[in-house]
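> The following comprises the amino acid sequence and a computationally predicted model.
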Amino acid sequence: MVDKFKDECGVFGIFGHPEAANMTYLGLYALQHRGQESAGIAASDRQQVRISREMGYVADIFDGETLSGLPGPLAIGHVRYSTAGESKLLNAQPILIDCAHGQIALCHNGNIVNADELRDELVHQGSIFQSNSDTEVILHLYARSKAGNIDDAIVESVKQVQGAFSLVMLTKDRLIAVRDPHGFRPLALGRLGDAVVVCSETCAMDLIGATYDRDVEPGEVLIVSADGMRSIKPFAPAPLAHCIFEHVYFARPDSYVFGRSVNEVRTELGRVLAREQGVDADVVVPVPDSGVCAAMGFAEESGVPLRMGLIRNHYVGRTFIQPQASIRHFGVKVKLNPVRSVLDGRRVVLVDDSLVRGTTSQKIVKMVRAAGAREVHVRISCPPTISPCYYGVDTPRKSELIASTHTIEEIREFLEADSVAYLSLEGLLSAVGTERSSYCTSCYTGNYPVPVPSGEATHLQLALKLDTTAEPVPR
Ligand code: SF4
């Protein structure tokens, strides 16, 4: 229903808290925006690792009884929107195995680009996989490791995978956090009293009252045990490639990711967009919720007043049943409703964070016009999205990305807008701050920092659950 890149996954881990599973539940609750298909928690009482995972929302899956079945001071958790692997309970995380090194549970945010290759080798050597998930590869590598202790076995296994991975793992007496050397996905480290907390975004720390300490560094393996915290840097140095889309859309605006406030960056994107692509207008209207921060920045910079000309219904659940196809645009109407008093007779700047296929935006423009807008100018607070992501984000294939097949003028025609304009790549990089070269911008440039398999077929293998029935955007 919503034409966006899909959030990947969210991970959370805590060591040394008497209510570790409860804290993890709350952490996952705060990270729900990063994945709504399944959620799971694994906890250890230092004797045994226990697990609970289900399809659905965090609040629906866990109750007092489930959480009391997960005792102990160590826990990890995961919310998932499937990237590689199908959306089934089998692929829900954490994944728990018992092997020669003992029990280990694993949660992963990202995508391992050499998973197929490693999987073929492992199957050849006798491994039997339980899921389609790329994540399981790491556990098989761990189980087969001949290293003399758990820490070495972990390092040996993660060193063999390539791509994007922010991992949290749990053994019966250890919490382990790992970030790939490029630092694609965020992973923050903090404290709650004496307990150590790791999580995808700092909004999870805010909810449980933890304080942010620093990020788990790109290329760092952090092992937390009763002996304290041990940091290992086993990877060869690699260029940084933080996912810039975290700032554009994925992360919650109240989070800090890659050391920067998402709200501040997103608002600055709007300011820069107004400087680059200003237009005579009466009102700035955000496409809620994702366009709000950028619209505020746009309004502030341009001096054009910000008004909520579209209201979002927050109570549309996953189970909403699409009525007959004859009721056109119903999917958008049930989520967004125009405010005629704001739009009627006005020249409207409609600000959104990104444009993927363009199909939803087309319906929104129609809706705004139908509410009486005299002109509709679409402004997008990131550059044209021209290439798929292979690093843990669900993106349509290249042919479905409107900006890869259409010129700006053709996009304007498709959307039936009076004008369409995007933020420049330079503008985007300027808004994220001084460390501009540390960001991945592949979906805007097509230049990938970690080599990915070529060809559509391999792409579809990498992201197995892509909707293969989707049609390219009509020209
Ligand atoms: S390709 Fe785009 S979405 Fe994927 S990691 Fe890079 S910036 Fe993020």
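Yep, it's here. Since we're looking at a predicted model, the values are computed, not measured.
> Hmm, Thr385 is touching Ser354, no?
Yes - taking Cβ atoms under 8 Å as the definition, Thr385 is a contact partner of Ser354 at 6.1 Å. (C-beta placed from N, C-alpha, C; glycine too.)
> Name the residues contacting each of those two.
Common neighbours of Thr385 and Ser354 (criterion: Cβ atoms under 8 Å, 6 or more residues apart in numbering): Phe5.
> Near the residue of the stretch 201-350 of the chain found nearest the ligand, how many other residues are there?
As assessed by Cβ to the nearest ligand atom, the ligand sits closest to Cys243 within the stretch 201-350 of the chain, at 3.2 Å. Neighbourhood size, Cys243 [other Cβ atoms under 10 Å]: 28.
> okay but it is in contact with Val393, surely?
Yes - between Cys243 and Val393 there is a contact under Cβ under 8 Å: 7.5 Å.
> where along the stretch 351-475 of the chain do the helices fall?
Using DSSP state H, counting those that start in this stretch, the helices of the stretch 351-475 of the chain run over 359-370, 402-405, 408-415, 425-432, 442-445, 456-462.
> Check which helices and strands the longest strand anywhere in the chain sits against.
When the chain is parsed with DSSP state E, its longest strand is strand 102-112. Contacts defined by 3 or more Cβ pairs under 8 Å, 6 or more residues apart in numbering; DSSP states H and E place strand 102-112 against strand 9-15, strand 38-44, strand 49-55, strand 74-80, strand 95-99, helix 136-144, strand 163-170.
> so which of the helices of the stretch 351-475 of the chain gets nearest Leu106?
The closest of those to Leu106 is helix 456-462. By Cβ to Cβ, the value is 19.4 Å.
> SS state for the closest residue in space to Thr359 that isn't next to it in sequence?
Here the nearest residue to Thr359 in space, its sequence neighbours aside, is Asp3; by Cβ to Cβ, 6 or more residues apart in numbering that works out to 5.3 Å. Three-state call for Asp3 (DSSP: H, G, I helix; E, B strand; the rest coil): coil.
> any idea how far Asp3 is from Ser157?
Distance, Asp3 to Ser157, using Cβ to Cβ, to the nearest Å: 37 Å.
> can you check Tyr81 too?
Going from Tyr81 to Ser157 by Cβ to Cβ gives 25 Å.
> next one: Glu268
40 Å.
> Can you give me the neighbour number for the residue in the stretch 251-400 of the chain that the ligand sits nearest to?
Closest contact between the stretch 251-400 of the chain and the ligand, by Cβ to the nearest ligand atom, is at Cys389 (3.0 Å). Residues lying near Cys389 (other Cβ under 10 Å) number 24.
> before we move on, what about the one 3 residues further on?
Counted with other Cβ under 10 Å, the neighbours of Gly392 add up to 26.
> What of Ala417?
Ala417: 24 neighbours (other Cβ under 10 Å).
> If we ignore the residues flanking it in sequence, what's nearest it?
Val378 (4.6 Å).
> quick one: the one you found and Ser361 touch, right?
Yes - contact criterion Cβ under 8 Å: Val378 and Ser361 qualify, at 6.6 Å.
> So which of these two has more stuff around it?
Neighbours per residue (other Cβ under 10 Å) separate Val378 from Ser361, with Val378 holding more: 28 against 25.
> so the more buried one bridges to which residues?
Per DSSP bridges, the residues bridged to Val378 are Leu350, Val420.
> residues touching it, list them.
For Val378, the contacting residues are Leu350, Asp352, Leu355, Ser361, Val365, Arg412, Leu415, Ala417, Ser419, Val420, Ala421, by Cβ under 8 Å, 6+ apart.
> thinking again about what came up before, burial-wise, tell me which of the helices and strands packed on strand 102-112 comes out on top.
Mean neighbour counts were compared across the helices and strands packed on strand 102-112 using mean count of other Cβ atoms under 10 Å; the top stretch is strand 74-80, at a mean of 32.
> For the residue lying closest to Phe258 once chain neighbours are set aside, which residues are in contact?
Excluding its sequence neighbours, the residue lying closest to Phe258 (Cβ to Cβ, 6+ apart) is His242, at 4.6 Å. Going by Cβ under 8 Å, 6+ apart, His242 touches His182, Gly183, Phe184, Pro186, Val257, Phe258, Ser438, Tyr439, Cys440.
> between these, which is nearest Ile76?
Among the contacts of His242, and counting by Cβ to Cβ, the member closest to Ile76 is Pro186, at 16.2 Å.
> name the element that closest one belongs to?
Under the criterion DSSP states H and E, no helix or strand holds Pro186.
> now the one 3 residues further on
Secondary structure assigned from DSSP H and E places Leu189 in strand 188-192.
> what helices or strands is that strand leaning on?
With contacts defined as 3+ Cβ pairs under 8 Å, 6+ apart, the packing partners of strand 188-192 are strand 195-199, helix 203-208, strand 211-215.
> Return the most buried member of these.
Taking mean count of other Cβ under 10 Å, strand 195-199 is the most buried of these, at a mean of 27.
> what sits up against that one?
So strand 195-199 is in contact with 10-17, 20, 23, 27, 31, 73, 168, 175, 177, 187-191, 204-205, 208, 210, 216, 222, 224, 229, going by Cβ under 8 Å, 6+ apart.
> Could you restrict those residues to the ones contacting the ligand?
Applying Cβ under 6 Å from any ligand atom to these, one finds that nothing falls near the ligand.
> is it possible to export the helices and strands packed on strand 188-192 to a markdown table including mean pLDDT?
Below are these laid out as a markdown table (pLDDT from 0 to 100):
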| stretch | mean pLDDT |
| --- | --- |
| strand 195-199 | 98 |
| helix 203-208 | 98 |
| strand 211-215 | 97 |
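> In CSV: the ones you listed, plus distance to Ala274.
Shown next, in CSV, are the helices and strands packed on strand 188-192 (distance: least, Cβ to Cβ, whole Å):
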stretch, distance to Ala274
strand 195-199, 33
helix 203-208, 27
strand 211-215, 31
